[in-house]
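**Student:** Could you look at this predicted model? Sequence included:
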Amino acid sequence: MRLRIAGGAALIAVCVTIGACDERLSDLTGPTPELTTTFSSIQRDIFQAADSSGRPACTGCHTSAGRVPPLGLDLTGAVAYANLVNAAGRGKAGTVRVVPGDPENSYLVHKLEGRPGIVGERMPRGAGPFLTDGQMLVIKRWIELGAAND
């Protein structure tokens, strides 16, 4: 059963990467149909914008405009990339927010998925809505491809 799930996830990731499946990327990303595997798209469509599911923009909390952002994580425009990629996590010792090439060891993924062992709450805070599986696949694929500032 695990092999079947892992195989399905790998197939979706390949489809997202090469666009060779019948299912379009916009179908996978649901409430963010313009989302692609680039940092600029993730910044625009996830961090800075709410979506049609009712998920709030990350920058609603993670901003330094008029406040100190939670754990120093400002996700606004010019500083978001530097605050994520190869940046030490401040909530849990020994973590790195985004490890280029390694989504499984990127604390951002752990927080967005609500994995066991995170400090604090799953993001976004509260009962959701959380990112969809398709949105998470895009973020993981961006990290897997080296987390370029594109």
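**Tutor:** Received, thanks. A quick note: this is a predicted structure, and the numbers were derived from the prediction, not measured. Numbering: from 1, shown residues only.
**Student:** quick one: contacts for the nearest residue to residue 43 once chain neighbours are set aside?
**Tutor:** In this structure, residue 43 finds its nearest non-sequential neighbour in residue 80, 5.8 Å apart by C-beta to C-beta, 6 or more residues apart in numbering. Bear in mind the C-beta positions are built from the backbone N, C-alpha and C, glycine included. For residue 80, the contact set (C-beta atoms under 8 Å, 6 or more residues apart in numbering) comprises 43, 47, 74.
**Student:** Which residue ranges of this structure form helices?
**Tutor:** In the chain, the helices defined using DSSP state H lie at 2-18, 25-28, 39-42, 77-84, 107-113, 133-144.
**Student:** what's the angle between the fourth one and helix 133-144?
**Tutor:** Put plainly, it is helix 77-84. Interaxial angle, helix 77-84 versus helix 133-144 (axes from the mean of the first three to the mean of the last three C-alpha atoms, to 10 degrees): 70 degrees.
**Student:** Measure how buried residue 127 is and give me the count.
**Tutor:** Residues lying near residue 127 (other C-beta atoms under 10 Å) number 8.
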